[in-house]
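Student: Mind looking at a prediction? Sequence and model below.
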Amino acid sequence: MTVAVKERTPQFRHGSAHLWFRFADDNPCTGLAYWASRFDDLPYAVSLVVERQLGLSPREWDDLVAEREVAERVDCHGLFRLPLVLDRPLGSARTGVAGVGVCPDCWGTCEQIDTDGSLTGTVGAALVCSCSDGFVW
C-alpha cells in the first residue's frame, strides 16, 4: 500500500531578495487564507500587493472579501512578489515581553524592526518577520 504524504507549502517563498506568496496561503496573523482576510487583517506587505499590484483600494478589497469574490479578480494560486524590506518604518522597537506563544520579534504582526541594521542595512527598517511560516533567512 502506498501512502501519499502531503507536504506543507511554505507561506513565503524565498528568491533573490524577494519573498513570494499566494493569496490561497494562510494569513499567519489570522489563520484565514489571505483571500478571505479583510484588508486591515492583512500583513502590511500583503496589503501593499493588494494596492500596488492589484490596484484595489482597501474598501474594494473588503467588498470582494465580503462577497467572497476575490478569486474572480485575483489568481489566488499564482505567485505574488513581496519586497523583503518594507517601505515604511515601524517606529520604535517593542518593549516588554511578548505574550506566551507569540513571536518575540514581531509579537504576532508578521513585521519586525531591524533595530541594529544587521538584516537590512538600515536601523529601524521594517521587514517581513522570520517567523512567517516557512520563511528561512
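Tutor: Cool, the structure landed.

Student: only C-alpha atoms for contact and neighbour calcs from this point on.
Tutor: Noted.

Student: A strand includes Glu60, no?
Tutor: No. Applying DSSP: H, G, I helix; E, B strand; the rest coil, one finds Glu60 to be helix, outside a strand.

Student: State the distance from it to Asp75.
Tutor: 16 Å (Cα to Cα, to the nearest Å).

Student: How about Glu51?
Tutor: To Asp75, Glu51 is 15 Å away according to Cα to Cα.

Student: do the same with Tyr34
Tutor: Taken as Cα to Cα, the span from Tyr34 to Asp75 is 12 Å.

Student: Can you pick out the residue with more neighbours from the two?
Tutor: It is Tyr34, of Tyr34 and Asp75, that has more neighbours when counted by other Cα atoms under 10 Å, with 26 against 14.

Student: Touching, Gly78 and Arg22? I think so.
Tutor: Yes. Shown here, Gly78 and Arg22 form a contact pair, counting by Cα atoms under 8 Å, at 5.8 Å.

Student: out of these two, which sits in the busier spot?
Tutor: Counting neighbours by other Cα under 10 Å for Gly78 and for Arg22 shows that Arg22 has the greater number, 21 against 11.

Student: re the thing from before, intersection of neighbour lists for Tyr34 and Asp75?
Tutor: Taking Cα atoms under 8 Å, 6 or more residues apart in numbering as the contact rule, Tyr34 and Asp75 both touch Phe23.

Student: quick one: the strands in the protein?
Tutor: Along the chain, counting by DSSP state E, strands occupy 13-15, 18-21, 80-83, 111-114, 125-128.

Student: about what we covered before: between Gly78 and Arg22, which contacts overlap?
Tutor: By Cα under 8 Å, 6+ apart, no residue touches both Gly78 and Arg22.
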